[in-house]
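Chemist: Sequence plus predicted model, see below.
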Amino acid sequence: MNSGSPTSAHAASACVRFEEVPTQHGYRLGFAKLNAEKSLNALSLDMIRLLDPQLRRWAEDPGIACVVLHGAGEKAFCAGGDIRSLYKAVKEQPGVMPNPTALAFFTEEYRLDYLLHRYPKPLLVWGSGIVLGGGLGLMAGASHRVVTETSRLAMPEITIGFFPDVGATWFLQRMPNRTGLFLALTGVQINGSDALVGGLADYSLRSADRDALFARLPQAMWTADATENRNVLSALLREFASRATDMMPAPNFKTYELEIQSFCDGESVEDMVSRIVRYDGKEEWLKRAAATLAAGSPTSAVLGFELQRRTRGLDLAETFRLELIVALQCCARPDFPEGVRALLIDKDQKPQWQPRTLDAITSQWIDGHFAAPDWPDSRHPLADL
């Protein structure tokens, strides 16, 4: 690829690399690569602050026909947000609401995610390998979302005392047969076929075909019309997808459709959690889901359910605004720092949740997570979405 972006020189050694590639018909393609392979391309505030302005420039540049977002290496597109930095900030200012570092991170991350959902040009996300949390937030809004036989996707926030955010309240709610609610409660990983069935991806390709696909993109018949360009990209991805049909794993969502519907029946989160954690069958995928929920934060389980319930009828922008409030409240309460400590800092895998059980959670405790803080400028930071 030829470097042509005005920010390429700056980003060459940075956590995101940008390249502009000329096409055969006079237009250019914008490539943005998350460049933190050792951390599985975990999304940091520095990354967000490079991505957002560049993607906006490309959106407004009439010479850019298509944008591609991918990750360095073969293991991951993006393994989620940089929660170690958030943990450090929360520990330094315990109970502060809103925590300044958390406010900056989530405000700018959600603004970037919203931009991707509303992007005016074809946007291809190569979602091979690990795609967790904030990585799924980057991928969910793209016009062309690719998974491969190696894709492993999840919203595993229940394991760290958080909740499925980055717009997940909105996109999980739109998955069929309550599969999105099951993902929110259990944090279980799904494969690329599940992502297709659940509407989280559009095309399945072979992971080995990434470079071949990227090499073909400049040869496509790009025009000045964004709708035509979306069709051009779709046709090319269909061509590559035809080679991957025998490589994709069976979708768990279809294999366990009846079990998931039974688990998530009704409107009581307590009943749902009870049914899932009491699963005593032999299916490993369901056993992992049950075990993760049983070990996870009870508050996180209720928040995942309540957010989907309370946002019915809200648009995407309203959902992001509510998620920001809940995210900041989580950072001011004990479960998030405790969950990160147990999973990533001390790695003892023994979080001490507060409250410890589902029975101990009160409606007042949950309602408190939805109470807006006193915003620095007396205005919601995402009011302009």
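Modeler: Yes, it's here.

Chemist: Which parts of the stretch 51-200 of the chain are helices?
Modeler: 83-92, 100-117, 134-140, 168-173, 179-186, 192-197 (DSSP state H, counting those that start in this stretch).

Chemist: Let me know which of the ones you listed is tucked in deepest.
Modeler: Greatest average neighbour count among these goes to helix 134-140 (a mean of 28), per mean count of other CB atoms under 10 Å. The C-beta positions use only the backbone N, C-alpha and C, and glycine is treated the same way.

Chemist: Take it, keep the C-alpha atoms, and write them as PDB.
Modeler: In PDB, the C-alpha atoms belonging to helix 134-140 read as follows (Å, rounded to 0.1, in the frame of the first residue of the first chain):
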ATOM      1  CA  GLY A 134     -15.000  -2.100  22.500                       C
ATOM      2  CA  GLY A 135     -13.900  -4.100  19.400                       C
ATOM      3  CA  LEU A 136     -17.500  -5.100  18.700                       C
ATOM      4  CA  GLY A 137     -18.500  -1.500  19.300                       C
ATOM      5  CA  LEU A 138     -16.200  -0.500  16.400                       C
ATOM      6  CA  MET A 139     -17.500  -3.300  14.200                       C
ATOM      7  CA  ALA A 140     -21.200  -3.200  14.900                       C
END
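
Chemist: can you put the helices of the stretch 51-200 of the chain in CSV and add distance to residue 253 and mean pLDDT?
Modeler: Below are the helices of the stretch 51-200 of the chain laid out as CSV (distance: least, CB to CB, whole Å; pLDDT from 0 to 100):
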stretch, distance to residue 253, mean pLDDT
helix 83-92, 27, 95
helix 100-117, 23, 98
helix 134-140, 16, 98
helix 168-173, 13, 98
helix 179-186, 5, 98
helix 192-197, 5, 98
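
Chemist: In TSV, list these along with distance to residue 59.
Modeler: What follows is the helices of the stretch 51-200 of the chain, written out as TSV (distance: least, CB to CB, whole Å):
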stretch	distance to residue 59
helix 83-92	28
helix 100-117	8
helix 134-140	15
helix 168-173	21
helix 179-186	28
helix 192-197	25
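
Chemist: list the contacts for residue 259?
Modeler: 279, 281, 283, 286 (CB atoms under 8 Å, 6 or more residues apart in numbering).

Chemist: again with residue 249
Modeler: 149, 191-193.

Chemist: what's downstream of the worst-scoring helix or strand of the chain on mean pLDDT, the next helix or strand?
Modeler: Taking mean pLDDT, DSSP states H and E as the measure, the helix or strand of the chain with the lowest value is helix 8-11, at a mean of 42. Under the assignment DSSP states H and E, the closest C-terminal helix or strand after helix 8-11 is strand 16-22.

Chemist: who does that next one pair up with?
Modeler: In the sheet, strand 16-22 lines up against strand 28-34 (antiparallel) (DSSP bridges).

Chemist: any idea of the mean pLDDT for the strand it pairs with?
Modeler: Per-residue pLDDT over strand 28-34 has a mean of 98.

Chemist: Ok, which of the helices of the stretch 51-200 of the chain comes nearest residue 334?
Modeler: helix 83-92 (10.0 Å; CB to CB).

Chemist: who touches the closest one?
Modeler: So helix 83-92 is contacted by 44-45, 99-102, 105, 160, 331-332, 336-337, 340-341, 344-345 (CB under 8 Å, 6+ apart).

Chemist: out of those residues, who has the most neighbours?
Modeler: Using other CB atoms under 10 Å as the neighbour criterion, residue 160 leads the contacts of helix 83-92 with 28 neighbours.

Chemist: isn't that one right up against residue 341?
Modeler: No: judged on CB atoms under 8 Å, residue 160 makes no contact with residue 341 at a distance of 9.2 Å.

Chemist: any idea what sits nearest residue 331, other than its immediate chain neighbours?
Modeler: residue 102 (4.3 Å; CB to CB, 6 or more residues apart in numbering).

Chemist: got it, and residue 232?
Modeler: residue 220 (5.1 Å).

Chemist: Give the burial count for that neighbour, as a bare number.
Modeler: So residue 220, with other CB under 10 Å, has 19 neighbours.

Chemist: Same check on residue 16?
Modeler: 23.

Chemist: name the element the spatially closest residue to it that is not a sequence neighbour belongs to?
Modeler: Excluding the flanking residues, the one nearest residue 16 by CB to CB, 6+ apart is residue 50, at 4.3 Å. Following DSSP H and E, the helix or strand that holds residue 50 is helix 45-60.

Chemist: what residue ranges in the stretch 251-385 of the chain score low on pLDDT?
Modeler: By pLDDT under 70, the stretch 251-385 of the chain has no low-scoring segment.

Chemist: where exactly do the helices run in it?
Modeler: Counting by DSSP H, counting those that start in this stretch, the helices of the stretch 251-385 of the chain are 252-255, 257-263, 269-277, 284-295, 298-310, 316-331, 335-340, 363-368.
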